[in-house]
Each structure stands twice: as C-alpha cells, then as structure tokens.
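Q: For reference, the sequence and a predicted model appear below.
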Amino acid sequence: MQARIRVVVAKPGLDGHDRGAKVVARALRDAGMEVVYTGLHQTPEQIVETAIQEDAGAIGLSVLSGAHMTLFRRVLELLAERDAADIVVFGGGIIPEDDITELKSLGVANIFTPGATTASIVEWVRANVGAPVS
C-alpha cells in the first residue's frame, strides 16, 4: 500500500475563526490525504511538535488574526531547530500581498488567500508535498 501525504492543519494564536481551516482539512482528507487538525489556539511549539510526531509532510496554517508574520516565522524557526525544515509550510488567511512576498522569502511555500478553491489547494499539496517513506 502506498503511503499517503500527511498534513497537519493548525490555527495558531488567539484567532478563534476555524471554519476555513476545517474546510481545507476536510478537502485534503476527502482527497485521500491523512490530516491532523490541531484545533484552535495552538502555539507554534505545539504545531511543530505535532507535525514531527505525526511524520507530516506539510503544515498548513490558517491565520486571520494579523499575527501571520510572527506565527509563520516562529514555526519555520522551530522546524529548523528540530532538523525538520523539510516539512513544507503553507497557509491561508487574510494576508496582504506585500506580506505574502516576505513570507515566501522566509520559506513559506505558498499562501492561499480568500477565494482560493479547495481544489486548487488539494492540487498544490499533491504537487508539492511528498508522502512519508515507508
């Protein structure tokens, strides 16, 4: 049996709006991926720990609080510290175009803004995230 792509979907920080994260998590799961949804109010440390424990190929962060620069940067720093920088980090939310450019320069693989279709997110994850080696 072929290994499936594993994705941790997380809501870092104090933002309590998780509908989008749940929609994306369901779309990825329905596309045959293994998805771990961490729930609300996760710290970057908790998110990275979950991704490492679950042998995830990617972390998808949903950020609507305006703290995206701090939260994405911290997740990337923690992954590097834990020798897990091979885990692909992508995200979505209300993020200004200038910040998207900066986030990508930090190492965020992609940002999906409002209006992105679940099909486009699924297609991107399939093309950019590998399944764990069995």
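A: Received it, and whenever you're ready, just let me know what you need.
Q: Break down the chain into its helices, ranges please.
A: For the chain, applying DSSP state H gives helices covering 19-30, 44-53, 68-81, 97-106, 118-128.
Q: So which of those is nearest residue 38?
A: helix 44-53 (5.6 Å; C-beta to C-beta). In this view, the C-beta of every residue, glycine as well, is placed from N, C-alpha and C.
Q: Tell me the bridge partners for the nearest residue to residue 120 once chain neighbours are set aside.
A: Closest residue to residue 120 apart from its sequence neighbours, by C-beta to C-beta, 6 or more residues apart in numbering: residue 112 at 7.4 Å. Legend: beta-bridge partners of residue 112 under DSSP bridges are residue 92.
Q: Would you check that my belief about residue 112 contacting residue 90 is correct?
A: Yes: taking C-beta atoms under 8 Å as the definition, residue 112 is a contact partner of residue 90 at 7.3 Å.
Q: Could you name every residue contacting both of the two?
A: residue 124 (C-beta atoms under 8 Å, 6 or more residues apart in numbering).
Q: Residue 115 and residue 94, how far apart?
A: Relative to residue 94, residue 115 is positioned 11 Å away (C-beta to C-beta, to the nearest Å).
Q: which stretches of this structure aren't confidently modelled?
A: For the chain, the stretches flagged by pLDDT under 70 are 1-2, 134.
Q: tell me, what residue is most central in it?
A: residue 60 (1.1 Å; C-alpha atoms, centre = their mean).
Q: was I right about that one contacting residue 88?
A: No: using C-beta under 8 Å, residue 60 makes no contact with residue 88, being 9.0 Å away.
Q: and residue 47, how many residues sit next to it?
A: For residue 47, the tally of surrounding residues (other C-beta atoms under 10 Å) stands at 25.
Q: what's the nearest residue to it if we skip its chain neighbours?
A: residue 10 (4.4 Å).
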